[in-house]
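Any chance you can model this:
(chains A and B)
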Amino acid sequence: MRLEPAREAAIVEELAEHLDDCYAELLAGGATADEAYRAALAELSGGEALARGLRRVERQAVPEPVVAGANRRTSVVADLWQDLRYGARVLAKQPGLSLTAVLMLALGIGATTAIFSVVNAVLLRPLPFPEPENLMLVEAKGVGNFAAPDFRDLAAQNRSFARLGAYANATFNLSGGSEPERINGARISASLLPTLGVQPLYGRNLTPEEEPEGGDRVVLLGHGLWQRQFGADAGVVGRTVRLDGQSFTVIGVLPPGDNLPADKELFVPLTLSAFDLNNYQGFFLTLVARLKSGVTRAQANAELATIIKPGERGPRFGGVRVIGLQEALVGDVRPMMLMLMGAVGFVMLIACANLANLLLAAAARRQQEIIVRLSLGANRGRVVRQFLTESLLLASLGGSAGLLVAWWGMALINALLPSAIPRIGVVGVDVRVLGFTLALTVAAGLLFGTLPALRASQTALTGALKEGSRTLGGGPGRQRMRATLVVSQVALTVVLLTGAGLLIRSFVRLQQTPLGFRPERLLTARITLPRPAYATPQQRQSFTRRLLEEMRGQPGMQEAALTSSLPFAAGNPGFVILMNGREEVRPGMPTANFRSVTPDYFRVLGIPLRRGREFSGADDERAPMVAVINETMARRYWPDTDPIGQRIKETSNTAAWREIVGVVGSVRHRDRGEEPRPEMFVPWSQSPAPTLNLAVRTQAELAGAGATLRRAVTAIDANLPVFEVSTMDERLFESVAQPRFRTALLGVFAALALVMSVVGLYAVVAFSVAQRTHELGIRVALGAQRRDVIGLVLGQGLKLVGIGIVIGLGGAWALTRVLTTLLYEVKPTDHLTFLAVPVLLVAVSILACWLPARRAAGVDPITALRYE
Amino acid sequence: MTNIDQRMLDRELKKGSAELLILSLVEDRPRHGYDLKRLIEARSGGVLRFNVASLYPLLYRLEKRGWIKGRWVEKTGQRRRRCYGLTPEGRKVLASQRSTWQAFVAAINRITGLESA
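Residues are numbered from 1 along each chain as shown, chains lettered A, B, ... in the order given. The predicted model follows:
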């Protein structure tokens, strides 16, 4: 009618009331629903005359002037603006519905956006290097890293790479900055930065001349280190710093942001000694390559196989291939990311189903309004457009609120995120995330709005609907649709709850897995003895003896021991093990992890002795070479004989034949979910490592134990930083950070889904009760007891839940298989979980249906029969 | 109803009296549209019927003139309804129209011989 939206809405509402009154009066007078319906519609049979009459009386909104040559878009824009204003008015008139809808959307969109921002940061954001799609990690199958001769041969012989670079992890004691600090760094080839396409922010890159032994000692600073230790001074280039007691000249500063290698702050030349260049067993180099333009991965792999053949580089080396660098960095966490994205997608679908239900109920109440509009000349498309506009308006309000929820969600995720997730940096909103939120908002609006809009527009004028209700709205068709939506929500919730339940059970199992040692009140720290001051074994021995004496003398520190490699700490070297005097190395030979430990080590950590003896003070550098192995190694390599007395030798630089004198219990060293590996231990005095891991058992939970430890070290050598000071409990907590993260998130989503589904179920049952008031009144009048009515209503609700549970369990059976790699000692079809979830859902659903059931049982038959 | 010419009623007679009907029905208390329609039908014994196309434009016209005023009234458990009540201006117009109508009917009766002897 082209009136002001407010006035048009008021007229439509008034006429709709007139129709409803007419219908109700006819029904009360004995007409059938169909007869009453037709008679009520007949009131509007003079629709054209009505519209004419109204137009004569009302002041019309001025239409947009039609200018010759102007396109139809301007009138569409005017219509849209009208629809928006009308829609805003409709939403304002239903504050309860609108607020519920916006809240649900905010939660759904917010959670989805927060997870997407993580996925974006980790998986989608391209590496910050030029043409990142050509950057490859060269992978050595079976060993992971490469030996120096491999790097040399690949660099010389390949035709597929434009450039090839290499790096090795290294840590340094830095002094010459604001304070001494232990720095994670890397030794890099001069070709690494050009391969990546990184230019220093200040200064220059390394040159090939600086690589060989005896070349200039130069260093590149990482951006964070430059800011922290050197006050972001642009004049730092040319300054001297001391690394492990030796002087290095700063030649450049790297730019900020994602770098490779990740988390490294300091870079020195990769100096390869003559020994390195001939040692085919020392796998310590990571290789990064840039493919030549036009060369595919398959072509590169084929060429690499001709340069380094499988098996020719030692028993563990399985061949060479390239994989995308981004894929290599994040491939491990991809399943978890995709699982979380899928889970939050389910939550979004449940929110949309809930909203569709709410809007269907609201549309039912607006049935008369739709009839009036259609008879006043609106066409079906216009009605659909109006409803969709209202949905999109709701969705955009929800989307805006959702961004706020996402922001909080990201703050929470940033606090919980395991640092072990690669590329994570700081999760935040960028253009891609905003674009995703916008697309999600529009999609949600269309998803939950289309069904009610189409349903509303199918109304009425055709008279094809055989409605059996007391008002023009509601009826079997709509009830079925609402029931279907509830069933879908329940099914989706079952899948989420099952997934969460499986992860929770898996996490609990993981936490209960015996470690093989006692972690409580165990303080740990790491010290690296730098070369010049501690080059000889005697120097290192002297330091360690003094350190242990210092530690044992501290109050509250009962026992102290040293090892080259602690459980749940970095560093876990392994070697091929030779046995029985045979020196040749063949493929498939036994391997074991290698540790050198002080005599008290097993006692301090609480590792039980199974056979033979532990080390003692007599097992020093002058005594016969001995070793202790763990149970796993004993069972695997001497299944039928006693390993005590056997002779073994590890293939390291300083190997010696050793006699096995004891067998100790096996320890889970790296991952609670991993089976213990074969381990061999040698006495510290016979193989003192340059990196010490200190383990101290304290008498009570000592605050300040870390500071005491540092003081003890400083008392011996003031230039030695102590790093990675933490308790074993903290390390264990950190080691399960990823499982904890994904279990917590999936649990939150499942809980959210449960709440939404229960709200949806309540709404549908409550609406149904309101619709059936007349019928329930008749039943009570005919003698139905309170409990019969309650049973009827509960039965209706639980029937929907039951169907949803059956469908959901089927879906869970199929889908939880994707969780297999994430579960520990729990099958994806775990019976207990599949039983507990339906029980929980039924219990909660009974609560949801209870209130409407009680209301139904309280219906007064007389009031009900006089209803409408 | 057998002697009533419906066309004459709808086109000529109803038009002149419609405003008077509405104003007099809302004189005692405010009423909504459907209520007015029912009352007219009931009190006229079914002779006079208003449908939506004639009733509501009339109501809105009277409202625009300031003779009646519409107000949304909401009772507990019911949807809100727009009820129309007489304004002071409307009361004056009603009184004037009543006396005009009475005079007109009396004159017609005298001419057509319908007045009682």
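
Just give me the neighbour total for the residue of the stretch 501-650 of chain A found nearest chain B.
For the stretch 501-650 of chain A and chain B, the shortest gap (CB to the nearest CB) falls at residue A:501, measuring 43.8 Å. C-beta here means a position set from N, CA and C on the backbone, and glycine is covered the same way. By the measure other CB atoms under 10 Å in any protein chain shown, the count of residues near residue A:501 is 24.

Over to residue 82: give its phi and psi.
Going with chain A. For residue A:82, the backbone dihedrals (degrees, to the nearest 10) come out as phi -60, psi -50.

Chain B is the one I meant
With angles defined as degrees, to the nearest 10, residue B:82 sits at phi -100, psi 120.

Same question for residue A:243.
Here residue A:243 shows phi and psi, under degrees, to the nearest 10, equal to phi -120, psi 120.

now the one 10 residues further on
The phi and psi values for residue A:253, taken as degrees, to the nearest 10, are phi -130, psi 130.

how much space between it and residue A:355?
With distances taken as CB to CB, to the nearest Å, residue A:253 is found 53 Å from residue A:355.

between these two, which one's more packed in?
residue A:355 (30 against 23).

How much space separates the closest residue to the more buried one other than its chain neighbours from residue A:489?
Closest residue to residue A:355 apart from its sequence neighbours, by CB to CB, 6 or more residues apart in numbering or on different chains: residue A:448 at 4.0 Å. Distance, residue A:448 to residue A:489, using CB to CB: 12 Å.

who's in contact with residue A:416?
A:741, A:744 (CB atoms under 8 Å, 6 or more residues apart in numbering or on different chains).

Report pLDDT for it.
Residue A:416 is assigned 78 on the pLDDT scale.

what's downstream of whatever helix or strand residue A:305 lives in, the next helix or strand?
Using DSSP states H and E, residue A:305 maps to helix A:297-307. Under the assignment DSSP H and E, the closest C-terminal helix or strand after helix A:297-307 is strand A:320-324.

and the residue nearest to residue A:355, how many neighbours?
29.

Could you look up the SS state of it?
Three-state assignment for residue A:448 (DSSP: H, G, I helix; E, B strand; the rest coil): helix.

Let's check: the centremost residue of the chain is which one?
Since you didn't name a chain, this refers to chain A. Nearest to the centroid of the C-alpha atoms of chain A, with distances taken as CA atoms, centre = their mean, sits residue A:337, at 4.6 Å.

could you do chain B instead?
Closest-to-mean residue, chain B, CA atoms, centre = their mean: residue B:21 / 1.9 Å.

Next up, the contacts around it.
Residues near residue B:21 by CB under 8 Å, 6+ apart: B:40, B:48.

Tell me if it really is in a helix.
Yes - assigned with three-state DSSP, residue B:21 falls within a helix.

what about it, distance to residue B:27?
From residue B:21 to residue B:27 the distance is 11 Å (CB to CB).

now residue B:90
9 Å.

Going by how many neighbours each has, rank those two and give me the top one.
Counted by other CB under 10 Å, residue B:90 and residue B:27 do not tie: residue B:90 has more neighbours, with 23 against 14.

Can you point out the helix or strand that includes the more buried one?
Residue B:90 belongs to helix B:88-112, assigned by DSSP H and E.

can you map out the helices along chain B?
Remark: helices assigned in chain B by DSSP state H are B:6-8, B:14-25, B:33-43, B:52-65, B:88-112.

Show me which residues of the second one are buried.
By neighbour count, and taking 16 or more other CB atoms under 10 Å in any protein chain shown as the criterion, the buried residues in helix B:14-25 are B:14, B:18-23, B:25.

and it with helix B:33-43, angle?
110 degrees (axes from the mean of the first three to the mean of the last three CA atoms, to 10 degrees).

Convert the helix holding residue A:305 to PDB, retaining C-alpha atoms only.
Provided in PDB are the C-alpha atoms of helix A:297-307 (Å, rounded to 0.1, in the frame of the first residue of the first chain):
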ATOM      1  CA  ARG A 297      56.700 -32.000  -6.400                       C
ATOM      2  CA  ALA A 298      56.400 -35.300  -8.100                       C
ATOM      3  CA  GLN A 299      59.200 -34.400 -10.500                       C
ATOM      4  CA  ALA A 300      61.400 -33.200  -7.500                       C
ATOM      5  CA  ASN A 301      60.700 -36.400  -5.600                       C
ATOM      6  CA  ALA A 302      61.600 -38.600  -8.600                       C
ATOM      7  CA  GLU A 303      64.900 -36.700  -9.000                       C
ATOM      8  CA  LEU A 304      65.700 -36.900  -5.300                       C
ATOM      9  CA  ALA A 305      65.300 -40.700  -5.300                       C
ATOM     10  CA  THR A 306      68.200 -40.800  -7.800                       C
ATOM     11  CA  ILE A 307      70.500 -38.700  -5.700                       C
END
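
What's the local residue count around the residue nearest to residue A:520 when sequence neighbours are not counted?
Excluding the flanking residues, the one nearest residue A:520 by CB to CB, 6+ apart is residue A:729, at 6.9 Å. Residues lying near residue A:729 (other CB under 10 Å) number 14.

Tell me which residues touch residue A:729, please.
Contact analysis of residue A:729 by CB under 8 Å, 6+ apart lists A:519-520, A:522.

Could you confirm it falls within a helix?
Yes - checked against three-state DSSP, residue A:729 lies within a helix.

so how far is residue A:849 from it?
Distance, residue A:729 to residue A:849, by CB to CB: 46 Å.

ditto for residue A:781
Residue A:781 is 23 Å from residue A:849, by CB to CB.

Which one of the two is surrounded by more residues?
Comparing residue A:781 with residue A:849 by other CB under 10 Å, the one with more neighbours is residue A:849, at 27 against 14.

I figured that one hits residue A:758, correct?
No - using CB atoms under 8 Å, residue A:849 is not in contact with residue A:758; the gap is 9.5 Å.

what about residue B:71, how many neighbours?
The burial count for residue B:71: 12, using other CB under 10 Å.

what's the answer for the one 4 residues further on, then?
Residues lying near residue B:75 (other CB under 10 Å) number 8.

what residue ranges in chain B score low on pLDDT?
Applying pLDDT under 70 to chain B flags the ranges B:1-15, B:77, B:115-117.

need the residues of it near chain A, please.
Residues of chain B lying near chain A by CB under 8 Å from any CB of the partner chain: B:32-34, B:37-38, B:51-54, B:56-57, B:60-61, B:64, B:79, B:81-82.

Just the buried ones from the residues you listed?
The neighbour count (16+ other CB under 10 Å) marks B:32-34, B:37, B:52-54, B:56-57, B:60-61, B:81-82 as buried among those.

For residue A:665, state which of those is nearest.
For those, the closest approach to residue A:665 (CB to CB) belongs to residue B:81, at 83.8 Å.

Which pLDDT value goes with residue A:171?
Looking at residue A:171, its pLDDT reads 82.

Run me through the strand neighbours of whatever helix or strand it lives in, direction for each.
In this assignment (DSSP H and E), residue A:171 forms part of strand A:161-175. Sheet pairing of strand A:161-175 (DSSP bridges) gives strand A:181-188 (antiparallel), strand A:240-243 (antiparallel), strand A:286-291 (antiparallel).

Which of those has the highest mean neighbour count?
Greatest average neighbour count among these goes to strand A:286-291 (a mean of 24), per mean count of other CB atoms under 10 Å in any protein chain shown.

how far out from the middle of the chain is it?
Centre-to-centre, strand A:286-291 and its host chain are 28 Å apart (CA atoms, centre = their mean, to the nearest Å).
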